[in-house]
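> here are the coordinates; sequence isn't available:
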């Protein structure tokens, strides 16, 4: 299949699935050639609706070209328009920056930022090849934003964060929008915040998501615990003190031992398991968290209780939630952040 036909088929599927909702986002996805940002893949692979890892550090994916479904969802949330000034944190291969440039047009400006020099160089080369040489590609710590280009009408993170950095808020224009994958008690949500007043944000939309994590000054240190077999990593919902730290031995038994299937009142979807159940469990039980099994572009996840100790894992107290492949889910409830 040619690149043009593969791209058209992908966009048509995203429209049919409701991921693409506006003519502007559809036109951007139809125009920007994703395969030029993934030159090692053939067109059929480049236009598959999957995330593609492009950098791995010690067995952990630290940068990827995001899943087209998730990209479409977040572009709709962001609402970038002609003439907007946009900052992207997490350049990756440059594909999302090119989409942003297409959305803001010649009267707008796009700056994309990455912490690794090799990723910056790669994104710059890909953008030039695709004809988007007007995008400013900068090496820097995304936690600090990029003040030389501020204020921005839109700021988009394509990496997960455990909080909203004051630098991003300070660099956002009044009425501007900040979009980021925000970790909420172990579940990651794509939240769009509107800058309603100095130092105050109000969410306008929430969607489920799964992204690699922010590195540098804004990294969440010690947020994961690897289980002894190396196949699973646990992300606690709350890690306030040592008493709440996950016990790897108890959790290893929970992920490898026999579980019990229990009937539920209503049928659910993969999205319900991936985010709905995880968020509910984290809110209902502060000792909850997520167990993630890394994969090629996607992971498998389940809900666990990181406060379990060996003595807690005896008969009658052992539970198991089967894993499921992650992906974008539906709209969620609003969040508000402010001083």
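Alright, I've got the coordinates. Worth saying up front: this structure is predicted, and the values here are computed from it rather than measured.
> now do the helices in the stretch 51-200 of the chain.
Taking DSSP state H, counting those that start in this stretch as the test, the helices found in the stretch 51-200 of the chain are 68-78, 95-104, 117-129, 166-170.
> mean neighbour count, the ones you listed: which tops it?
Mean neighbour count, computed with mean count of other C-beta atoms under 10 Å, is highest for helix 95-104 among the helices of the stretch 51-200 of the chain, reaching a mean of 25. Glycine gets a C-beta too; all of them are placed from N, C-alpha and C.
> how about the helices of the stretch 51-200 of the chain, which one is nearest residue 253?
helix 68-78 (33.4 Å; C-beta to C-beta).
> for the one helix or strand residue 280 maps to, give the mean pLDDT please.
Assigned by DSSP states H and E, residue 280 belongs to helix 278-284. For helix 278-284, mean pLDDT rounds to 69.
> can you give me the neighbour number for residue 258?
Applying other C-beta atoms under 10 Å, we find 6 residues neighbouring residue 258.
> what secondary structure does it sit in?
At residue 258 the chain is in coil, as set by DSSP: H, G, I helix; E, B strand; the rest coil.
> same question for the one 4 residues further on.
Three-state secondary structure (criterion: three-state DSSP) places residue 262 in coil.
> and the gap between it and residue 161?
34 Å (C-beta to C-beta, to the nearest Å).
> those two: which is more packed in?
residue 161 (22 against 7).
> pretty sure that one contacts residue 218?
Yes. Judged on C-beta atoms under 8 Å, residue 161 makes contact with residue 218 at a distance of 6.1 Å.
> can you tell me the centre-most residue of this structure?
residue 211 (2.9 Å; C-alpha atoms, centre = their mean).
> quick check: residue 31 vs residue 169, distance?
Using C-beta to C-beta, residue 31 is found at 32 Å from residue 169.
> now the longest strand seen in the chain: buried residues?
Longest strand in the chain, counting residues (DSSP state E): strand 172-184. Within strand 172-184, the residues that count as buried by 16 or more other C-beta atoms under 10 Å are 172, 176, 177, 178, 179, 180, 181, 182, 183, 184.
> returning to that earlier point: pretty sure the residue nearest to the centre of the chain sits in a helix.
No. If the criterion is three-state DSSP, then residue 211 is coil and not within a helix.
> all numbers from here: first residue = 742
Sure, I'll start counting at 742 from here, so that last one is residue 952.
> correct me, but it touches residue 897?
No. Using C-beta under 8 Å, residue 952 is not in contact with residue 897; the gap is 11.4 Å.
> which residues are in contact with residue 909?
For residue 909, the contact set (C-beta atoms under 8 Å, 6 or more residues apart in numbering) comprises 886, 896, 919, 921.
> isn't the last one up against residue 930?
No. Using C-beta under 8 Å, residue 921 and residue 930 do not qualify as a contacting pair, with a distance of 9.2 Å.
> relative to residue 749, how far out is the closest residue to residue 831 other than its chain neighbours?
Among residues not flanking residue 831 along the chain, residue 899 sits closest, at 3.8 Å (C-beta to C-beta, 6 or more residues apart in numbering). Relative to residue 749, residue 899 is positioned 24 Å away (C-beta to C-beta).
> now do residue 839
Distance from residue 839 to residue 749, by C-beta to C-beta: 17 Å.
> so residue 879 makes contact with residue 854?
Yes. The pair residue 879 and residue 854 qualifies as a contact (C-beta under 8 Å) at a distance of 5.0 Å.
> more crowded one of those two?
residue 854 (24 against 16).
> OK, contacts around the more buried one?
Residue 854 neighbours (C-beta under 8 Å, 6+ apart): 828, 829, 830, 831, 832, 879, 880, 881, 883, 886, 887.
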